[in-house]
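1. coordinates only, sequence not included:
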DNA sequence: TGTATTCACCTTGTATACAAGCACCGTCTC
DNA sequence: GAGACGGTGCTTGTATACAAGGTGAATACA
């Protein structure tokens, strides 16, 4: 009776899962902007489901920290201050340093080849301005290294931290100079991994992620300036129709 | 209208929150054992609420990884293999090494005093066998250091990892020799922090957590042997009444 | 005119009813 | 007797109805 559960399990995606995945994607890529308020009823109407799957998805997102649940008042999409972003990136740096160092003894030739191919495609794509592909490549590069560390937990943590900052990365990787700096950073990380020197790897990861932090903060600074000039503030989602 | 949400927020705990907190506590301390299957109806009956708050709480626990959701078949309390425990502790070691190193430049005299007081109380308590207090002190010691790192994210991660292994720690800290080793480990961490040497700190944290890992794995080994001898297996919760 | 108060409306929180899926068990057939 | 088949009773998944709480505006009153 009780042990029967271990036998079950099939692929049929429930509505809750679907809503969760969809909302999550929209939030981490910034399609739903930071600080936006989420209402259950409009979401339910939009997605053609009842409030139940919506609520359950929102609970999961709240547990992840992607939305903030405010009792009896709804949900706000996580909105990061400059200090939060610094903290997030400092933490991510530390984690990826560990990952890369662990990866040194565990990475396979095939994975190194993947990193190399990633760099090559990145180089060939920078000129074209194919932003979406650029973002995927950036993400893949980091995750490949984290995967090579062969730690489930470390990988989970890396992915989570990475997701929380994805929207900023998307926003600023549009700029060619940012993309070029990212590619250079990746190359020196790969070289450090090839060298097998833990200190070199730590250094390369740190430099790369500090550059990324600076690029993001620069972008935010500029964006704030822009939005002030246009004197138009953050637009909340779901205007009370 | 939309911005009103920022003003609201009060303390009234919802049933969902209450159920979540209660289930979470029971799971992390091992009151609900690893591998137990959770059924919505019995839980709802037990806690005198409908299935709705139960489901929402379970979703949150699933997002945290404390329970595993199995579509159309319910929820299993997370059950860690030996490899999982090793991984968890290796990751925790890395994170706490970072925390302790960051703490070096940021910890206050007051916090160092707290750590000292913690050690003194630990010493005085080991003889008495007051296990519960011992567990709290252990937890406090680690969290104080993580807090001194002044990173919200790092702290969150530390806490999460710590919670996932709490039940094992509770189980084996009963043994005086384990408690003594833990206290010794804590003392050398504090001394390393006082010395201000990052390498020494890293070393002390690593030694302490590796000892803890070994103690836990030893305990599990012994427990498995015991349970085999009594030929009684893991008992699932909520027998089909 | 300023301030307190009531009330309507919109939100989330909770319970419940119903739908759907799957495992188990008895039966039926070969 | 072994295997296929279908019903039954459990489970979770989803929708909906209703309760409770809070905001903001309209109103009454000083």
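-> Yep, it's here. From a predicted model like this one, the values you see are computed outputs, not experimental measurements.
2. Without its sequence neighbours, what residue ends up closest to residue A:18?
-> Setting aside the residues directly before and after it, residue A:18 is nearest to residue A:53 in space (CB to CB, 6 or more residues apart in numbering or on different chains), at 7.7 Å. Using the backbone N, CA and C atoms, a C-beta is placed for each residue, glycine as well.
3. list the contacts for the one you found?
-> A:14-16, A:18-19, A:47 (CB atoms under 8 Å, 6 or more residues apart in numbering or on different chains).
4. Any chance of TSV for those, columns pLDDT?
-> Below are the contacts of residue A:53 laid out as TSV (pLDDT from 0 to 100):
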residue	pLDDT
A:14	90
A:15	93
A:16	94
A:18	95
A:19	96
A:47	95
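5. any idea which element residue A:213 lies in?
-> Taking DSSP states H and E as the definition, residue A:213 sits inside helix A:198-229.
6. Disregarding residues adjacent in the polypeptide, which is nearest to the most centrally placed residue in chain A?
-> In chain A, the centroid-proximal residue (CA atoms, centre = their mean) is residue A:163; its distance is 2.1 Å. In this structure, residue A:163 finds its nearest non-sequential neighbour in residue A:28, 4.8 Å apart by CB to CB, 6+ apart.
7. The helix or strand where the residue nearest to the centre of chain A lies - contacts with which helices or strands?
-> Using DSSP H and E, residue A:163 sits within helix A:152-172. Counting by 3 or more CB pairs under 8 Å, 6 or more residues apart in numbering or on different chains; DSSP states H and E, the packing neighbours recorded for helix A:152-172 are helix A:15-28, helix A:82-104, helix A:131-148, helix A:198-229, helix B:82-104, helix B:152-172.
8. what residues does chain A put near DNA strand D?
-> Along chain A, the residues adjacent to DNA strand D under the rule CB under 7 Å from any atom of the strand are A:14-16, A:49-53, A:72-73.
9. in what helix or strand does the residue lying closest to residue A:138 once chain neighbours are set aside lie?
-> Spatial nearest neighbour of residue A:138, excluding adjacent residues (CB to CB, 6+ apart): residue A:182 at 6.1 Å. Using DSSP H and E, residue A:182 falls within helix A:176-195.
10. what's that helix packed up against?
-> helix A:82-104, helix A:109-126, helix A:131-148, helix A:198-229.
11. try it again with 6 Å
-> Other elements packing on helix A:176-195 under the criterion 3 or more CB pairs under 6 Å, 6 or more residues apart in numbering or on different chains; DSSP states H and E are helix A:109-126, helix A:198-229.
12. And the shortest one, what does it pack against?
-> Using 3+ CB pairs under 6 Å, 6+ apart as the contact definition, the elements that helix A:109-126 packs against are helix A:131-148, helix A:176-195.
13. how far out from the middle of the chain is that helix?
-> In terms of CA atoms, centre = their mean, to the nearest Å, the centre of helix A:109-126 is found 20 Å from the chain centre.
14. Same question for stretch A:93-103.
-> The chain centre lies 17 Å from the centre of stretch A:93-103; the measure is CA atoms, centre = their mean.
15. what's in contact with it?
-> With contact meaning CB atoms under 6 Å, 6 or more residues apart in numbering or on different chains, stretch A:93-103 is reached by A:145-146, A:148-149, A:154, A:157-158, A:198, A:201-202, A:205-206, A:209, B:94, B:98.
16. Kindly indicate which of the residues you listed lies nearest DNA strand C.
-> Each of the contacts of stretch A:93-103 was scored against DNA strand C by CB to the nearest atom of the strand, and residue A:157 proved nearest at 28.2 Å.
17. got the contact list for that closest one?
-> Neighbours of residue A:157 in contact, by CB under 6 Å, 6+ apart: residue A:95.
18. Which pLDDT does the model give it?
-> The confidence metric pLDDT takes the value 96 at residue A:157.
19. so what pLDDT did residue A:224 get?
-> Residue A:224 is given a pLDDT of 85.
20. measure it to DNA strand C for me?
-> Here residue A:224 is placed at a distance of 28 Å from DNA strand C (CB to the nearest atom of the strand, to the nearest Å).
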